[in-house]
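Participant: Below are the sequence and a predicted model for it; my questions follow.
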Amino acid sequence: MKTISLIFAMLSAGIFFSSCTKTEEVIIPNKTVFVEITPDMWQLASASGTYQVAIDMPELDAYSSESSSVQVDISFNDGASYEALPQVFGGVTYLYSYGEGTLYLDVQSADGTRPVKLTATALVKIVLIASESR
């Protein structure tokens, strides 16, 4: 009787463990870049009626600018707190756009009627969110 129970237990264990499959999870890491924007870096973009800063972003290659995403936050207190963009903060609209190799920050009045040149230094946190295209 012990032999039959032992054989049954071994067969059950073989069936149970043979049905398990191992899968590997692919993790694509995000990347965070911090950039300090000083007041002298803002340039008037007459075509859009905004003040703009163009940030060199070699991390935004052709693949990542098409397949991944970008999140931008701005801080005026050296990183103690951040505002996620786009945002209207203190009567100023903050926007961003990006393409291969460059991220653009734009500011203008909240009602869109005039450009606003910032006079304070800002810390910008740029999060490159990697994704796999299908």
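Facilitator: Perfect, thanks for sending it.

Participant: what's the strand or helix carrying Val53 packed up against?
Facilitator: In this assignment (DSSP states H and E), Val53 forms part of strand 50-56. When contacts are defined as 3 or more Cβ pairs under 8 Å, 6 or more residues apart in numbering; DSSP states H and E, strand 50-56 packs onto strand 31-37, strand 43-45, strand 102-109. No exception for glycine: its C-beta is placed from N, CA and C like everyone else's.

Participant: out of these, deepest packed?
Facilitator: Among the helices and strands packed on strand 50-56, the stretch with the highest mean neighbour count (mean count of other Cβ atoms under 10 Å) is strand 102-109, at a mean of 19.

Participant: Which positions in the next helix or strand after it come out as buried?
Facilitator: Counting by DSSP H and E, the element after strand 102-109 in chain order, helix or strand, is strand 122-129. The neighbour-count check on strand 122-129 (16 or more other Cβ atoms under 10 Å) flags 122-126, 128 as buried.

Participant: And for stretch 69-78, what's in contact with it?
Facilitator: Taking contacts as Cβ atoms under 8 Å, 6 or more residues apart in numbering, the residues outside stretch 69-78 that touch it are 60, 81-85, 87, 94, 96, 98, 103, 105, 120-129, 131.

Participant: ditto for stretch 39-46
Facilitator: 50-54, 106-107, 115, 117-121.

Participant: who wins for neighbours among the residues you listed?
Facilitator: Thr50 (23 neighbours; other Cβ atoms under 10 Å).

Participant: From Val88, how far out is that residue?
Facilitator: Here Thr50 is placed at a distance of 14 Å from Val88 (Cβ to Cβ, to the nearest Å).

Participant: quick revisit: Ile27: which of the buried residues of strand 122-129 is nearest?
Facilitator: Within those, the smallest distance to Ile27 is 14.9 Å, found for Leu128 (Cβ to Cβ).
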